[in-house]
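Trainee: Following is a predicted model, sequence given first.
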Amino acid sequence: MASPSRARSRRRSAGQLHALASLQREIQATDPNGRRKYLRDFSEAFRNYESLLSFAQVEGELCQADVVLIGDYHALPASQRFAMRVLERMAQSGRPVVLGVETILARDQHILDEWMRGEIDDDELRERIRFNLDWGYDWEPFRELLVAASQQAAGIYGLDCMPRDDLRKIGTRDRHAAQKIAEIVRRHPNAIVVVLFGESHLAPNHIPEVLRVALPDAGIVTLLQNIDHLYWRAAGESRERVEAVRVESDVLCVFNATPLEKYESYRQCIERWRQETAALDLAPTFYNLVDALARFLRIDKYAAHNSTQPVYLVDRMPEVCSRSSEEALRKLLERKGADDGEMKEILARIASGGSCFVPRLNAILVREFQMVGGAEEAARFVHHACRPVPSSEAATSSTEEKFYARVIEHALGYFGSRVLYPERPAVRGFELGAPSAPPQQFAADPGQSALAAQNLGYMLGSKLYDAYVAGCLSKRYIRSLFFRKLSGPAPCSTYLQIARKARAPRSVRAQ
């Protein structure tokens, strides 16, 4: 296969790498275990891959296996939910499926069996297996996995043993888990045994090596998720999105989250553990995204007087207001004087993406953190902070000018989200061309106008990102867009210019 392009990888990865730098320093200061040999065995084992795969190809290979070892990044809900997808797909293959999990100690199998029989509810299961005390990660995605397995699997088994907090004994845990998996295979000889275990346990010389000794004739496949080195390398491929790769004949890796998403989820876990019963502080999450995009655009947060920089961006950072329910958000917006139209629009954005930047309040309102929505709202703030906004803009702009101003706002918000989260799906549609005045009904139907502006903006932003990754547009030009004036006739001419420049070469459009 062709070697991935370093330039393409660099363009796709720059924003994430900026965000990851400070995030990883914070994690390493809290968790120094990454330097341990056991963890280095894993991080150094998977550096290259043989070929690209689709999810469908991965699932086809898993259906032929006897044991599927899935690497779990405990702090990332997408990791457990992907395991649930694999289990559901295996259940459709015609063979029985069994689930084994690290999260539950083998000694607590009787508790799990009581839950399977319906004798205890989810809350009692969570308490009795000491999920919060001994595990401490997000309960909901794991609960969803257990529920799916209870409906589709022939059995669920706990695989782990104590001590969990002593890396000197971790080899003992690997041998114990391999023994339990071998027992399950012998108990269910025709089944596919799906195992979810911490990713570091799946280095070739850890559980897989011990298990192959115990089950020399079994078809064992290791299924990794979101390995950093493989992700950065795959970012250089000409495909818009690489779903999976073959690392070795019996080792596959899927990509369902970015490195930034992984480590941000871990940072949030650390913060939650620190605060225990206190509310999770999401402000550092959004500020890190803003900082990363600012560094990508070469914006000096401390510039005091520069026409090409927002003045003292560090002092203009938005307030991050977390609320756990729509009702709480409504009350907050009512206190801030939001009318019905503004409230409806804000709540709709929060419902779709978990958060919303409100320029009038210079605040990001959050119900839950979602990487796609969070990245877009951070980009919307950066754009708002950079561009000149005359106080008379709203009063002097025509309906058409306001429409195309919103199109550009959505385009740059989408572009910024792709810089920070390249895995966001592309938005395809009709070929961009000369603008026409918005239909008259837009003036009478603000909701329709807002939706049309968002759709057109996302398509424009997608084209802009494709052209940037292809090397057709410079970062300097992208940066200039964040500083463009969006009042008067400027939005229409800016839209036309971006549409012309963002037309990627034919080879890029065909990918």
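Mentor: Arrived safely. Residues are numbered from 1 along each chain as shown.
Trainee: Would you map the strands across the stretch 1-150 of the chain?
Mentor: Per DSSP state E, counting those that start in this stretch, the stretch 1-150 of the chain carries strands over the ranges 51-53, 67-72, 97-105.
Trainee: from these, which stretch is densest packed?
Mentor: With neighbours taken as mean count of other CB atoms under 10 Å, the strands of the stretch 1-150 of the chain reach their highest mean count in strand 67-72, at a mean of 25. Where you see a C-beta, it was placed from the backbone N, CA and C, and this is true even at glycine.
Trainee: Alpha carbons only: can I get it in CSV?
Mentor: Extracted C-alpha coordinates of strand 67-72, given in CSV (Å, rounded to 0.1, in the frame of the first residue of the first chain):
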residue,chain,number,x,y,z
VAL,A,67,-11.8,-15.4,21.3
VAL,A,68,-11.9,-11.7,20.6
LEU,A,69,-9.8,-9.6,23.0
ILE,A,70,-11.0,-6.0,22.9
GLY,A,71,-8.7,-3.4,24.4
ASP,A,72,-10.6,-1.0,26.7
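Trainee: which strands and helices sit next to it?
Mentor: Strand 67-72 sits against helix 77-91, strand 192-198, helix 207-214, strand 220-225, with contacts defined as 3 or more CB pairs under 8 Å, 6 or more residues apart in numbering; DSSP states H and E.
Trainee: Just want the angle from it to strand 97-105.
Mentor: Using axes from the mean of the first three to the mean of the last three CA atoms, to 10 degrees, one finds that strand 67-72 and strand 97-105 are set 40 degrees apart in direction.
Trainee: Residues in contact with strand 67-72: which ones?
Mentor: Applying CB atoms under 8 Å, 6 or more residues apart in numbering, the external contacts of strand 67-72 come out as 62, 79-80, 82-83, 86, 90, 102, 181, 185, 192-199, 201-202, 207-208, 211, 215, 218-225.
Trainee: Just the buried ones from those?
Mentor: Buried subset of those (neighbour count, 16 or more other CB atoms under 10 Å): 62, 79-80, 82-83, 86, 90, 102, 181, 185, 192-199, 201-202, 207-208, 211, 215, 220-225.
Trainee: Under the pLDDT cut-off, which ranges of this protein? List them.
Mentor: The model of the chain has pLDDT under 70 over residues 1-2, 31-35, 276-279, 305-307, 389-397, 430-447, 504-511.
Trainee: Kindly state the domain boundaries assigned to it.
Mentor: Listed by automatic domain parsing, the domain ranges of the chain are 6-266, 282-386, 392-511.
Trainee: what's the straight distance from one end of the first one to the other?
Mentor: The reference is to domain 6-266. With CA to CA, to the nearest Å as the measure, the ends of domain 6-266 fall 28 Å from one another.
Trainee: for the second one, same thing?
Mentor: Separation of the first and last residues of domain 282-386 by CA to CA is 23 Å.
Trainee: Run the chain-centre distance for that domain.
Mentor: Relative to its parent chain, domain 282-386 has a centroid offset of 18 Å by CA atoms, centre = their mean, to the nearest Å.
Trainee: just the longest one next, same as before
Mentor: The chain centre lies 17 Å from the centre of domain 6-266; the measure is CA atoms, centre = their mean.
Trainee: Confirm residue 157 sits in a strand?
Mentor: Yes: assessed by DSSP: H, G, I helix; E, B strand; the rest coil, residue 157 belongs to a strand.
Trainee: Can you tell me the closest non-neighbouring residue to it?
Mentor: Closest residue in space to residue 157, ignoring its immediate chain neighbours: residue 100 at 4.7 Å, by CB to CB, 6 or more residues apart in numbering.
Trainee: Make sure that neighbour is actually in contact with residue 196.
Mentor: Yes: counting by CB atoms under 8 Å, residue 100 touches residue 196, with 7.3 Å between them.
Trainee: before we move on, the earlier item: could the domains of the chain go into TSV alongside distance to residue 274?
Mentor: Below are the domains of the chain laid out as TSV (distance: least, CB to CB, whole Å):
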stretch	distance to residue 274
domain 6-266	9
domain 282-386	12
domain 392-511	25
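Trainee: hmm, back to that, can you tell me which of the strands of the stretch 1-150 of the chain comes nearest to residue 348?
Mentor: Set against residue 348 and scored by CB to CB, the strands of the stretch 1-150 of the chain come closest in strand 67-72, at 34.2 Å.
Trainee: Skipping its backbone neighbours, what lies nearest residue 109 in space?
Mentor: What sits nearest to residue 109 in space, not counting adjacent residues and going by CB to CB, 6+ apart, is residue 158, at 5.3 Å.
Trainee: I'd like to know how many residues surround residue 321.
Mentor: Using other CB atoms under 10 Å, residue 321 has 19 neighbouring residues.
Trainee: Can you list the strands that the host helix or strand of it pairs with?
Mentor: Per DSSP states H and E: residue 321 is located in strand 319-322. Applying DSSP bridges to the sheet, strand 319-322 is found paired with strand 363-366 (parallel).
Trainee: got a list of contacts for the partner strand?
Mentor: Applying CB under 8 Å, 6+ apart, the external contacts of strand 363-366 come out as 282, 286, 318-323, 329, 332-333, 346, 350, 354-358, 374, 377-378, 381.
Trainee: ok, of these, which come out buried?
Mentor: Buried members of these, scored by 16+ other CB under 10 Å, are 282, 286, 318, 320-323, 329, 332-333, 346, 350, 354-358, 374, 377-378, 381.
Trainee: how about the strands of the stretch 1-150 of the chain, which one is nearest residue 496?
Mentor: Shortest distance between residue 496 and the strands of the stretch 1-150 of the chain, using CB to CB, is found for strand 51-53: 37.2 Å.
Trainee: Apart from its neighbours in sequence, what residue is nearest residue 220?
Mentor: The nearest residue in space to residue 220 (CB to CB, 6+ apart) is residue 67, at 4.7 Å.
Trainee: Now do the buried residues in the one helix or strand residue 461 maps to.
Mentor: For residue 461, the host element (DSSP H and E) is helix 446-469. Counting neighbours by 16+ other CB under 10 Å, one finds that the buried residues in helix 446-469 are 449-450, 452-454, 456-469.
Trainee: do stretch 41-53 as well
Mentor: Here stretch 41-53 shows 42, 45, 46, 49, 52, 53 as buried, counting by 16+ other CB under 10 Å.
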